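Participant: kindly generate the corresponding structure for this input.
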Amino acid sequence: MEDRGERLEELVRTRVLRLNATVQGLIVGIIAGLGLFITTNWLVLKGGKVVGPHLALLGQFFIGYQVTFVGSFIGFGYAFISGFLAGYCAASLYNRFVDLREGRRPGQT
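Facilitator: As a prediction, this is how the structure comes out:
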């Protein structure tokens, strides 16, 4: 009985340590996309002679992005994809380290 309890505890601890890479990617992507979308539209609504010169530099990386209302949608797409990839890779790397710590081959459940 004691052995079964220890195995169950180890299983629960292992399951808690692993992350779902797809969900992590989606959450980071949504947050990054909304952050850029809201920031861009905030600067557009604020207005002024020069609107968001520093944020406009993202156009060097995100082709087609400008600090405009239409550009905020383009920026959302780019930021979502970038955030998804970053979150997915971070969670996958984390899971590999957890597997190594537990003495399993990566990807083995």
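
Participant: so who does the residue nearest to the spatial centre of the chain touch?
Facilitator: Among the residues of the chain, the smallest C-alpha distance to the mean C-alpha position (CA atoms, centre = their mean) belongs to residue 28, namely 2.5 Å. The contact partners of residue 28, taken as CB atoms under 8 Å, 6 or more residues apart in numbering, are 83, 84, 86, 87, 90. Backbone N, C-alpha and C define where each C-beta goes, glycine included.

Participant: ok, 6 Å please
Facilitator: Contact criterion CB atoms under 6 Å, 6 or more residues apart in numbering gives 83, 86, 87 as the residues in contact with residue 28.

Participant: so which of those residues belong to helices?
Facilitator: With helices identified by DSSP state H, the entries of the contacts of residue 28 that belong to them are 83, 86, 87.

Participant: can you say which of the residues you listed are buried?
Facilitator: Applying a neighbour-count criterion of 16 or more other CB atoms under 10 Å, the buried members of the ones in helices among the contacts of residue 28 are 83, 87.

Participant: can you lay out the ones in helices among the contacts of residue 28 as a markdown table showing distance to residue 60 and pLDDT?
Facilitator: Supplementary listing: those in a markdown table, determined by distance: CB to CB, whole Å; pLDDT from 0 to 100:
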| residue | distance to residue 60 | pLDDT |
| --- | --- | --- |
| 83 | 18 | 97 |
| 86 | 19 | 97 |
| 87 | 23 | 97 |
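
Participant: what about stretch 63-74, distance to the chain center?
Facilitator: From the chain centre to the centre of stretch 63-74 is a distance of 20 Å (CA atoms, centre = their mean, to the nearest Å).

Participant: separation between the closest residue to residue 32 other than its chain neighbours and residue 39?
Facilitator: Distances taken as CB to CB, 6 or more residues apart in numbering place residue 83 nearest to residue 32, at 3.1 Å, with adjacent residues excluded. As defined by CB to CB, to the nearest Å, residue 83 lies at a distance of 14 Å from residue 39.
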